[in-house]
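S.K.: Following is a predicted model, sequence given first.
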Amino acid sequence: MIENKGIGSKIFDAINVVILILITLICILPVWYVLCVSLSSREAVNAGQVALWPVGFNLLSYQKIMGESDFFGSFLVSVKRVVLGTGVSMVCILLAAYPLSRTKKQFPKRDIFMWIFVFCMLFNGGTVPWYVTMKNYGLMDSIWGLVLGMGLQVFNVILAVNFFKNLPVELEEACFVDGGGPWRNLVSIYIPLAKPMVATISLFTIVQYWNEFFQGMVLSTRQSSYPLQTYIQQMVVTLDYSNMNVDQIAQAMKLNNLSLDAAKIFIAMIPVLIVYPFLQKYFVSGITLGSVKG
């Protein structure tokens, strides 16, 4: 029986490895294909010859995108937006989640505020009222418009509430016995223990701020105010040959819309791919927020 269990366990492990390898390939291959297309020649892309390796290797698409004068300006706008937006969002989420995680005795109006949050998550006033509000507050062509336009993410608040509810009540009681108050309890005890939750929600927020482009289109009237995603989305691929010399025309003829789009996608992925490994160690425990009750 022991030998049979050993063989069965090995077979199970082997099947798991095969399945995980397949899942990994399914996730990696689309990204790899996009990179190959971005590095391939116009003729190869048009002929559908690109598969797992670049055909007619060149960097013309990246040179075209990064050669634009506004590219790095838009990149800097996106970096500022992500840094400020993540910081503001996490402060608001933690300050909202802590009181909502208290008991009714500690916070009698808890359920009322929670229902207001949930209602706002399910229903909103629409784009026009949102735009009018942002304009009346003078947030057009402002980095703070791009930061505050996302609002408070109620789903992330709920995740934080569930995490705080699972922390031992004895920690809070010990803090109060030592003379601490709610602020001391939140800053000195709850937040240090909430690193997995903070890292996970921060990752969600970073990706959301980085990938969002619609608000940049609505709130920015100047191209210099565009975040990177809006700049890439608005980037005109059709070239004006009337203002080009012979060498520039020859260079432009080597470009392909698909290669340019692939290069845009890959450039937009790089910052998130860089940030993710630093937060990965917290991600596994963070995604189980609120899963254990007791």
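M.R.: Okay, I see it.

S.K.: by contact count, what packs against the strand or helix carrying L95?
M.R.: Per DSSP states H and E: L95 is located in helix 71-100. Under the contact definition 3 or more Cβ pairs under 8 Å, 6 or more residues apart in numbering; DSSP states H and E, helix 71-100 sits against helix 110-122, helix 143-148, helix 154-166, helix 195-211, helix 228-234, helix 257-286. Glycine gets a C-beta too; all of them are placed from N, C-alpha and C.

S.K.: Repeat the analysis, applying 6 Å as the threshold.
M.R.: helix 143-148, helix 154-166, helix 195-211, helix 228-234 (3 or more Cβ pairs under 6 Å, 6 or more residues apart in numbering; DSSP states H and E).

S.K.: for that helix, what is the average pLDDT?
M.R.: For helix 71-100, mean pLDDT is 90.

S.K.: Just checking the distance from that helix to the centre of its chain.
M.R.: Centroid separation for helix 71-100 versus its chain: 11 Å, with Cα atoms, centre = their mean, to the nearest Å.

S.K.: Make CSV out of the helices and strands packed on helix 71-100 and add mean neighbour count, mean pLDDT and distance to K105.
M.R.: Below are the helices and strands packed on helix 71-100 laid out as CSV (neighbours: other Cβ atoms under 10 Å; pLDDT from 0 to 100; distance: least, Cβ to Cβ, whole Å):
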stretch, mean neighbour count, mean pLDDT, distance to K105
helix 143-148, 20, 90, 34
helix 154-166, 20, 88, 14
helix 195-211, 20, 87, 24
helix 228-234, 21, 80, 46
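
S.K.: Can you lay out the ones you listed as a markdown table showing distance to F266?
M.R.: Converted to a markdown table, those look like this (distance: least, Cβ to Cβ, whole Å):
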| stretch | distance to F266 |
| --- | --- |
| helix 143-148 | 23 |
| helix 154-166 | 28 |
| helix 195-211 | 14 |
| helix 228-234 | 11 |
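
S.K.: rewinding a little: specify the angle between the helix holding L95 and helix 154-166 in degrees.
M.R.: 40 degrees (axes from the mean of the first three to the mean of the last three Cα atoms, to 10 degrees).

S.K.: in helix 71-100, what's buried?
M.R.: Within helix 71-100, the residues scored as buried using 16 or more other Cβ atoms under 10 Å are 71, 73-75, 77-78, 81-82, 84-86, 88-90, 93-94, 96-100.

S.K.: buried residues in stretch 261-274?
M.R.: D261, A262, A263, K264, I265, F266, I267, A268, P271.

S.K.: Rebuild those residues as JSON lines, extending it with distance to D13 and pLDDT.
M.R.: Below are the buried residues of stretch 261-274 laid out as JSON lines (distance: Cβ to Cβ, whole Å; pLDDT from 0 to 100):
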{"residue": "D261", "distance to D13": "41", "pLDDT": "76"}
{"residue": "A262", "distance to D13": "37", "pLDDT": "80"}
{"residue": "A263", "distance to D13": "40", "pLDDT": "81"}
{"residue": "K264", "distance to D13": "41", "pLDDT": "78"}
{"residue": "I265", "distance to D13": "36", "pLDDT": "79"}
{"residue": "F266", "distance to D13": "35", "pLDDT": "82"}
{"residue": "I267", "distance to D13": "39", "pLDDT": "81"}
{"residue": "A268", "distance to D13": "37", "pLDDT": "79"}
{"residue": "P271", "distance to D13": "36", "pLDDT": "82"}
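
S.K.: Tell me the one of those residues nearest P108?
M.R.: Of all the buried residues of stretch 261-274, P271 has the smallest distance to P108: 44.0 Å, by Cβ to Cβ.

S.K.: Next, work out how far apart the closest one and A174 are.
M.R.: Using Cβ to Cβ, to the nearest Å, P271 is found at 41 Å from A174.

S.K.: No more questions from me, cheers.
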